[in-house]
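**Student:** Following is a predicted model, sequence given first.
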Amino acid sequence: MTIEPIAYIYGDFPDKFGLPRQSGMTDLVSRVVAEKKFSHKESFRGLEGFEYIWLIWGFDKAENRGKTTVRPPRLGGNERMGVFATRSPYRPNSLGLSSVKLLKITETDKGVELLVSGADMSDGTPVYDIKPYLSYTDSHPAARAGFAEQALNYRLEVVIRDELSSRISPDKLKGLKEVLSLDPRPSYQSDGRIYGFTFCGKEIKFFVENGVLTVVDIAEG
């Protein structure tokens, strides 16, 4: 089987570092722009009636694909799990699955465009399929979550000085704080080290100590 992108998603993260680890964890807004070949209004007829949709997409920036075991970040990077027990990008077929909130469907000079929130993909990620989310079959709130359950309530306290906060537009600041609270550091993280990632064209620098994440600089990227 040969597949090709039907759309590309565009958001605030140019790189994979700093991205939310799962979909639906922030209110940040992204655009899913259909490719010309698939940009037919008829193909999206009825989708506006769904509040959430599934995006099937590709880990186009992933390297070392096809691993059998990986080190989940929420286990501290010290314990291995089978790749099929995780959502790691290092998969045989490098496909991702995300549930996002559908805010709006529009037609532009470039074609059909979906406005969504809660995406966990970097800017320019290829999207291979779109499906409606059905709460009566897709939601199982009481289901066991394996080793991931221990991280369900994991959050860092985030500290950003007012002078630095003013460098981010108010409509993006809440989303940035959500991303930081989820601890974007890699699994080999260590307290006190300075990390950085690009967000909305700005370079965000921060460190973590004793459960508190402090932003030390927000500069032009």
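**Tutor:** On my side now, so go ahead. Numbers count the residues shown, from 1 in each chain.

**Student:** CA atoms for contacts and neighbours, from now on please.
**Tutor:** Noted.

**Student:** Show me the contact partners of the top helix by length along the chain.
**Tutor:** Taking DSSP state H as the criterion, the chain has its longest helix at helix 170-181. The contact list for helix 170-181 (CA atoms under 8 Å, 6 or more residues apart in numbering) reads 18-20, 25-28, 155-158, 165, 199, 213.

**Student:** which among those end up buried?
**Tutor:** 18-20, 25-28, 155-156, 158, 165, 199, 213 (16 or more other CA atoms under 10 Å).

**Student:** For stretch 22-40, could you pull out the residues that count as buried?
**Tutor:** Buried residues in stretch 22-40 (16+ other CA under 10 Å): 22-35, 38-39.

**Student:** hang on, isn't residue 96 packed against residue 60?
**Tutor:** No - assessed by CA atoms under 8 Å, residue 96 is found out of contact with residue 60, at 10.0 Å.

**Student:** Among those two, which residue is more densely surrounded?
**Tutor:** Between residue 96 and residue 60, counted using other CA atoms under 10 Å, residue 96 has the larger neighbour count: 18 against 13.

**Student:** Model confidence for residue 220, exactly?
**Tutor:** pLDDT for residue 220: 88.

**Student:** Would you agree it is in contact with residue 202?
**Tutor:** Yes - Residue 220 lies in contact with residue 202 (CA under 8 Å); the separation is 4.6 Å.

**Student:** Adjacent strands (with direction) for the top strand by length along the chain?
**Tutor:** Using DSSP state E, we find that the single longest strand of the chain is strand 95-108. Applying DSSP bridges, strand 95-108 is found paired with strand 52-58 (antiparallel), strand 111-117 (antiparallel).

**Student:** Which among the ones you listed is found nearest to residue 88?
**Tutor:** The closest of the strands paired with strand 95-108 to residue 88 is strand 52-58. By CA to CA, the value is 11.9 Å.

**Student:** Can you get me the centre-to-centre distance for that closest one and its chain?
**Tutor:** Distance, stretch centre to chain centre, for strand 52-58: 11 Å (CA atoms, centre = their mean, to the nearest Å).

**Student:** So what's the residue count around residue 48?
**Tutor:** Residues near residue 48, counting by other CA under 10 Å: 15.

**Student:** correction: residue 185
**Tutor:** Using other CA under 10 Å, residue 185 has 21 other residues around it.

**Student:** Does it touch residue 195 like I think?
**Tutor:** Yes - assessed by CA under 8 Å, residue 185 is found in contact with residue 195 at 7.4 Å.
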